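Peer 1: Sharing a sequence plus its predicted fold:
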Amino acid sequence: MNQPNSQPTSDLMLRETASQTAGPYVHIGLALASAGNPVRDEEIWNEMVKPDAEGEHIELVGTVIDGNGDLVRDAFIEAWQADANGTYQADYDLSKPFNSFGRTATTFDHGSEWSLTTIKPGAVKHPNGQWMAPHINLTIFARGVNVHLQTRLYFEDETEANNKCPVLSRIESPVRRQTLIAKHEEVDGKVRYRLDICLQGKGETVFFDF
Amino acid sequence: MTHDNNKRFVARDRSWHPPAYAPGYKTSVARSPQQALVSMQQPTASELTGPDFSHLRMGPHDNDLLLNFRQDASLGGLPQGERVMMFGRVVDQFGKPVPHTLVEMWQANAGGRYRHKNDKYLAPLDPNFGGVGRCLTDDKGFYRFRTVKPGPYPWPNDMNSWRPAHIHVSVTGPSISTRLITQMYFEGDPLIPFCPIVHTLKDPLAVETMIGRLDMAHSKPMDFLAYRFDVVVRGELQTFFENQ
């Protein structure tokens, strides 16, 4: 359906190139290690942090589930988050102790889970002056996903900040808000947060338009 | 690319892009959200910033798929297939070049087979072809790859579905709001009108944005044909007002 008011108002304006699915083989292009292919000297991958980085070191894990409740084993995910002080590190540089950007994927291995090692982000200010609760932006690509999906991961143990977050409050349903809250786990003394992303149906994750 | 939090992008026109639920492309049926997207209304620094990959160290052949998976250069092996140069410019919706941004691509080999353990198509793997490339755009927004034209291949959507020849293209742009993955198809390919994935788009003009154009002027005699593919990412509103 065409929306008349969505057309460019100026003939000087170009249309965005149309999106297409990343397909079943996105891993050979953007997640070489998980495709079992040789990696290059520097790859963008899932270790966003080095041991000497400031902040609380954490692991994020989860699955991606389709509308039938089945595991999606060919998803590709990108993470974008602030550092421990709430600042985005725009310069991606593998020699730095922390990078705000990371990539991960689900495959048939590791229980079909994605994982990222990172630090817990600090709060970031909303343009309206309020503080957003600590969160990580996640972008999901997969076969069958025609335009990538955008969501946020929040932390279970930040109840007070979550309750005041102006973005979480935009989600009318308190039940659906819970789909963005990662569960706290401790494994071998290490802190881990789990967020299962549900593409469709019961427990469907909230996805954003921005 | 900048630390500015106050830039804004033209809203993504979701009627122009494919819908999430596109039953002709069967995999989308169980993978499309049923709930409406929640509009951010006022995007924050979390959406309006993004990674700058200028410091990512590229290998010497990262954008040359004819050489970057060569098994043994001393044996002179090169990939099978029609040699092509794929090039173009990344610009925003106001025509402003997007310099130093990451362009990544992946593709099947000339026989239509991907170097992926799940691809069981009859066509053989090519020992000298990996099918992966990346580069940064230059200061005018241009990128280029040297590769071979990928083959079409069958896939299990309908009884006789074939993907047209295509190269997957991923661009970052100035922020995570401009992130885009698309596919470049080849001008004149008779399979384009039959493809269920192409058909996820409703507007034929939107399909046109995905077609790489044969460019004889940039082809190299006795070497390769050139295909030009310009990528348009979302426009930054601030720039528009600066130009007033």
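Peer 2: Yep, that arrived.
Peer 1: which residues of chain B score low on pLDDT?
Peer 2: Residues of chain B meeting the criterion pLDDT under 70: B:1-6, B:238-244.
Peer 1: Name the residues that touch stretch A:185-193?
Peer 2: Stretch A:185-193 has contacts (CB atoms under 8 Å, 6 or more residues apart in numbering or on different chains) with A:56-61, A:153, A:155-156, A:182-184, A:194. To be clear about C-beta, it is placed using only N, CA and C from the backbone, and glycine gets the same treatment.
Peer 1: which ones are touching residue 92?
Peer 2: All of this is about chain A. Contact partners of residue A:92, counting by CB under 8 Å, 6+ apart, are A:44, A:99, A:100, A:101, B:51, B:52, B:53, B:55, B:56.
Peer 1: other chain: chain B
Peer 2: Counting by CB under 8 Å, 6+ apart, residue B:92 touches A:14, B:98, B:173, B:174, B:178, B:232, B:233, B:234, B:235, B:236, B:239.
Peer 1: Next, give me the two most distant ones among those residues.
Peer 2: Using CB to CB, those span at most 15.4 Å, a distance reached by A:14 and B:174.
Peer 1: can you give me the strands in chain A?
Peer 2: Taking DSSP state E, the strands of chain A run over residues A:57-62, A:64-65, A:76-81, A:101-105, A:114-119, A:124-125, A:131-132, A:135-141, A:149-155, A:181-187, A:190-194, A:197-198, A:208-209.
Peer 1: quick one: the third one to chain centroid distance?
Peer 2: Meaning strand A:76-81. Mean-position distance between strand A:76-81 and its chain equals 4 Å (CA atoms, centre = their mean, to the nearest Å).
Peer 1: Which strands or helices does that strand pack on?
Peer 2: helix A:26-30, strand A:101-105, strand A:114-119, strand A:135-141 (3 or more CB pairs under 8 Å, 6 or more residues apart in numbering or on different chains; DSSP states H and E).
Peer 1: and if we set it to 6 Å?
Peer 2: If contacts are counted by 3 or more CB pairs under 6 Å, 6 or more residues apart in numbering or on different chains; DSSP states H and E, strand A:76-81 sits against strand A:101-105, strand A:135-141.
Peer 1: Mind checking these for the one nearest to residue A:18?
Peer 2: strand A:135-141 (15.1 Å).
Peer 1: Compute the mean per-residue pLDDT across the closest one, please.
Peer 2: The pLDDT scores in strand A:135-141 average 98.
Peer 1: Identify all contacting residues around it.
Peer 2: A:22, A:26, A:76-81, A:148-154, B:46 (CB atoms under 6 Å, 6 or more residues apart in numbering or on different chains).
Peer 1: For the residue in chain A positioned nearest to chain B, which residues are in contact?
Peer 2: Using CB to the nearest CB, the closest approach of chain A to chain B is made by residue A:29 at 2.8 Å. Applying CB under 6 Å, 6+ apart to residue A:29 gives the contacts B:104, B:106, B:132, B:168.
Peer 1: Could you find the closest non-adjacent residue to the last one?
Peer 2: Here the nearest residue to residue B:168 in space, its sequence neighbours aside, is residue B:106; by CB to CB, 6 or more residues apart in numbering or on different chains that works out to 5.0 Å.
Peer 1: and the one you found, that's in a strand?
Peer 2: Yes - assignment of residue B:106 by DSSP: H, G, I helix; E, B strand; the rest coil places it within a strand.
Peer 1: doesn't residue A:42 make contact with residue B:57?
Peer 2: Yes - at 4.6 Å, residue B:57 and residue A:42 qualify as touching, with contact defined as CB atoms under 6 Å.
Peer 1: By neighbours, which of the contacts of residue A:29 wins?
Peer 2: residue B:106 (28 neighbours; other CB atoms under 10 Å in any protein chain shown).
Peer 1: which residue is nearest the middle of the chain?
Peer 2: Went with chain A since none was named. In chain A, the residue lying closest to the centroid (CA atoms, centre = their mean) is residue A:138, at 1.5 Å.
Peer 1: my bad, the chain I had in mind was chain B
Peer 2: The residue lying closest to the centre of chain B (CA atoms, centre = their mean) is residue B:169, at 1.4 Å.
Peer 1: All set now, cheers.
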